[in-house]
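> sequence-free structure coming up:
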């Protein structure tokens, strides 16, 4: 029988920025279709990685907490994860389905629930609580038009993303 959990303090400065120095994103990327592989390759080549910042703040068996900053107009492909996720919006706005959410709002997504966000003009900061300390990323197919629009958004926003000033002290290493 596992031992009882004990109190643990964590500090933002000690968190792991993803991807880490080895390129690890701390999640298993599940196999995806050839069109999704090509679409992601296009977005990465256009500068997708400049549009978000993730820091694992706490990571323990059965529980994890991450700080995520999506910069304005970041195109998040539809995907799911293998565990329950609870998202709490710290700042900015996001459209999920037909609902616009802002600071203090949140969403609970049971495991395997496909989702995507539309990030607002001011970007989005959120806390992501997961019921597991490991995760995966299952991509869902998009149309060619979706990949074209996403690539255009990356190219149009990359310079602003690169110049963006981190909004929270959690950014400091």
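Perfect, thanks for sending it. From a predicted model like this one, the values you see are computed outputs, not experimental measurements. Residues are numbered from 1 along each chain as shown.
> for whichever strand or helix holds residue 122, what does the pLDDT average out to?
Counting by DSSP states H and E, the element that carries residue 122 is strand 118-130. Mean pLDDT, strand 118-130: 95.
> and that strand, which residues are buried?
Residues of strand 118-130 classed as buried by neighbour count (16 or more other Cβ atoms under 10 Å): 119, 120, 123, 124, 125, 126, 127, 128, 129, 130. (C-beta placed from N, C-alpha, C; glycine too.)
> before we move on, what about stretch 102-117?
Of the residues in stretch 102-117, 107, 109, 115, 117 count as buried by neighbour count, 16+ other Cβ under 10 Å.
> need the longest helix for this protein.
helix 144-163 (DSSP state H).
> and that helix, what's buried?
For helix 144-163, burial by neighbour count (16+ other Cβ under 10 Å) applies to 147, 150, 151, 153, 154, 157, 158, 161.
> redo these as JSON lines? Include pLDDT.
Formatted as JSON lines, the buried residues of helix 144-163 follow (pLDDT from 0 to 100):
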{"residue": "147", "pLDDT": "95"}
{"residue": "150", "pLDDT": "96"}
{"residue": "151", "pLDDT": "97"}
{"residue": "153", "pLDDT": "97"}
{"residue": "154", "pLDDT": "98"}
{"residue": "157", "pLDDT": "98"}
{"residue": "158", "pLDDT": "98"}
{"residue": "161", "pLDDT": "97"}
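> adding distance to residue 11, write the residues you listed out as CSV.
Output for those, formatted as CSV (distance: Cβ to Cβ, whole Å):
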residue, distance to residue 11
147, 39
150, 35
151, 38
153, 34
154, 33
157, 31
158, 31
161, 27
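> of those, which is the nearest to residue 57?
Nearest to residue 57, judged by Cβ to Cβ, of those is residue 161 at 22.1 Å.
> could you measure from the closest one over to residue 125?
Going from residue 161 to residue 125 by Cβ to Cβ, to the nearest Å gives 14 Å.
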